[in-house]
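Participant: next one to model:
(chains A and B)
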Amino acid sequence: MDKKVATFTVKKGLAQMLKGGVIMDVVTVEHARIAEDAGAVAVMALERVPADIRAHGGVARMSDPALIQEIMEAVTIPVMAKCRIGHFVEAQIIEALGVDFIDESEVLTPADEAHHINKHLFKIPFVCGCRNLGEALRRIGEGAAMIRTKGEAGTGDVVEAVRHARSVFGAIRRLKNTPDEELMSFAKEIGAPFETLKETKDLGHLPVVNFAAGGIATPADAALMMQLGVDGVFVGSGIFKSGDPPLRAKSIVEAVAHYDDPKILAEISKGLGEPMVGIEVSELPKTERLAERGW
Amino acid sequence: MERETKDGGIMKIGVLALQGDFAEHLAFLRGLGAEGVEVRLPSHLDDIEALIIPGGESTTIEKLALAFRLLEPLRTFGQTRPIWGTCAGAIFLSTDTLERQHRLGLMDITVERNAFGRQADSFEADIHVAVLEDAKTPFPAIFIRAPLIARVGPNVDIIAHLPNNKDNGIIIAAKQGHFLATSFHPELTGDDRFHRYFLSLTKT
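Facilitator: Modelled structure (predicted):
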């Protein structure tokens, strides 16, 4: 019998299993266990959550492999880790650890100002951020098996995630009404690979799973992104920078499952304690906006 | 083409929609002329004739089922109506547990989670399943951090093996009365024979 490993079907298949779920940033084994107990579908193993990366400043790099490994040993759910944009050796190291998914992330300091990683070369799947359809399709063209909005990580302000989700879904709606003979110009206009654009038109949605990320801090934020049409959410700083992480984590998991039921959302939003303090994105100078990173 | 029930209506099949790839199952049901119903709360079980529990993260599905008081209603549902679990769904259906989790305990099988390893070990393989239509054509099975069925009880029929070099092979699909468990994901393929097979269990 022939076993085929590392096919695109298998890579994007794991993302399909994560749908309707919450992926949580964790920086310790204890956080990872809290996330798993709360019902996270996966954890992102990090040295610092984005809010602390912002506060700390300097060059943000891949996390210590020893920390990633400890977290892998602590939980049974999939573990993700971040590498810098274009830093394919960090990605090779993460793959060698046996991590389940790599996030080529704008939250870390980019290692290449023009190119992303050739993700087809790897056995494990990648997720990449996007602000619009062209960026999403370029990443898929490079081999990403999952897409997320960039949002503005570490702010607790959902406005950018909303902007990016509306931009992607709006462009897909426009694409569906575009006749085939106009597709090449459409591809040129948004800087997207033609075949992937055509596939998106035929499917009526992106050819891979599409999550929201960047600024989600409450159950209502998570449900807002789900109602806008994403398949699931990443929560970075929003959980472990809040007053009661286990309760907030559980309530965000429940909000994603029942995103369309305001009565349940009202119940699970009660008494969660302090949310993360947050930074209004409109007050962030352009140079401090992480979403601008990526090409 | 529409799938009809005994009294001539369209078959209504539920898909547990707490988390996972439930939309893929719903698309197959539509393709086969059945009406798919998303099940998130106990009341959603009332009018459906059978239930599919999708792939996803079994720990998440179990916690949400517990939080929204679905465990007992699902167990009661299973007394009279068919349930099929794919991957995480098969884990949820199983009886024995190697870990302490909240399972339905409807099928007399022991399921071992992440039995083939992590994501780098996920794979596709063509398998033979005698109970399907056109059984000579292999079925494209997709295994994502997949479980295996480590033990089956006396009333359980094994319906698919994954060949290995040691013994009879690894058990990857089983049936017990109106319960069906597969450790792989027919809903990720373009082949609707497993869904047809499950609907045939619903009609009898």
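Participant: near chain B, which residues of the stretch 51-200 of chain A show up?
Facilitator: With the criterion set to Cβ under 8 Å from any Cβ of the partner chain, the stretch 51-200 of chain A comes near chain B through A:76-78, A:95, A:98-101, A:123-125. Every residue, glycine included, has its C-beta placed from N, CA and C.
Participant: which one is residue A:280 nearest to, not counting chain neighbours?
Facilitator: residue A:157 (5.7 Å; Cβ to Cβ, 6 or more residues apart in numbering or on different chains).
Participant: same check, this time on residue A:286
Facilitator: Excluding its sequence neighbours, the residue lying closest to residue A:286 (Cβ to Cβ, 6+ apart) is residue A:292, at 6.9 Å.
Participant: again with residue A:63
Facilitator: residue A:47 (4.3 Å).
Participant: OK, contacts around that neighbour?
Facilitator: Applying Cβ atoms under 8 Å, 6 or more residues apart in numbering or on different chains to residue A:47 gives the contacts A:27, A:63-64, A:67.
Participant: tell me which element it is part of?
Facilitator: Residue A:47 is part of no helix or strand, with elements assigned from DSSP states H and E.
Participant: before we move on, what about residue B:151?
Facilitator: strand B:148-152.
Participant: local confidence estimate at the closest residue to residue B:90 other than its chain neighbours?
Facilitator: Excluding its sequence neighbours, the residue lying closest to residue B:90 (Cβ to Cβ, 6+ apart) is residue B:181, at 3.8 Å. Per-residue confidence for residue B:181 comes out at a pLDDT of 98.
Participant: now do residue B:4
Facilitator: 65.
Participant: got it, and residue B:99?
Facilitator: For residue B:99, the model assigns a pLDDT of 61.
Participant: list the contacts for the residue nearest to residue A:70 when sequence neighbours are not counted?
Facilitator: Nearest-residue entry for residue A:70: residue A:29, 5.4 Å, with adjacent residues in sequence omitted and distances by Cβ to Cβ, 6+ apart. Contact analysis of residue A:29 by Cβ under 8 Å, 6+ apart lists A:70-71, A:74.
Participant: so where's the chain uncertain?
Facilitator: Using chain A here. Within chain A, the ranges that satisfy pLDDT under 70 run A:1.
Participant: my question was about chain B, not that one.
Facilitator: B:1-8, B:96-100, B:204.
Participant: for the residue positioned nearest the centre of it, name its beta-bridge partners.
Facilitator: Nearest to the geometric centre of chain B sits residue B:85, at 1.9 Å (Cα atoms, centre = their mean). Judged by DSSP bridges, the bridge partners of residue B:85 are residue B:53, residue B:181.
Participant: how far away is it from chain A?
Facilitator: When distance is defined by Cβ to the nearest Cβ, to the nearest Å, residue B:85 is 14 Å away from chain A.
Participant: before we move on, the earlier item: pull the number of nearby residues for the residue nearest to residue B:90.
Facilitator: 31 (other Cβ atoms under 10 Å in any protein chain shown).
Participant: can you tell me the closest non-neighbouring residue to residue B:75?
Facilitator: Per Cβ to Cβ, 6+ apart, closest to residue B:75 is residue B:104, 5.8 Å.
Participant: what about the helices in the stretch 101-250 of chain A?
Facilitator: A:133-141, A:159-176, A:183-190, A:194-203, A:219-228, A:237-240, A:245-257 (DSSP state H, counting those that start in this stretch).
Participant: show residues contacting the fifth one.
Facilitator: Helix A:219-228 has contacts (Cβ under 8 Å, 6+ apart) with A:22, A:149, A:158, A:161-162, A:165-166, A:169, A:212, A:215-216, A:232-233, A:235, A:238, A:251-252, A:254-256, A:258-260, A:265, A:268-269, A:272.
Participant: what does the second one give?
Facilitator: Under the criterion Cβ under 8 Å, 6+ apart, residues A:130-134, A:136, A:149-152, A:186, A:190, A:197, A:200-201, A:204-206, A:210, A:212-216, A:221, A:224-225, A:228-230, A:281-282, A:291 lie in contact with helix A:159-176.
Participant: next: the last one.
Facilitator: Applying Cβ under 8 Å, 6+ apart, the contact partners of helix A:245-257 are A:20-22, A:24, A:31, A:34-35, A:37-40, A:216, A:218-220, A:222-223, A:226, A:232-233, A:235, A:238-239, A:242, A:264-265, A:268-269, A:272-273, A:275, B:17-19, B:40, B:60, B:63-64, B:67-68.
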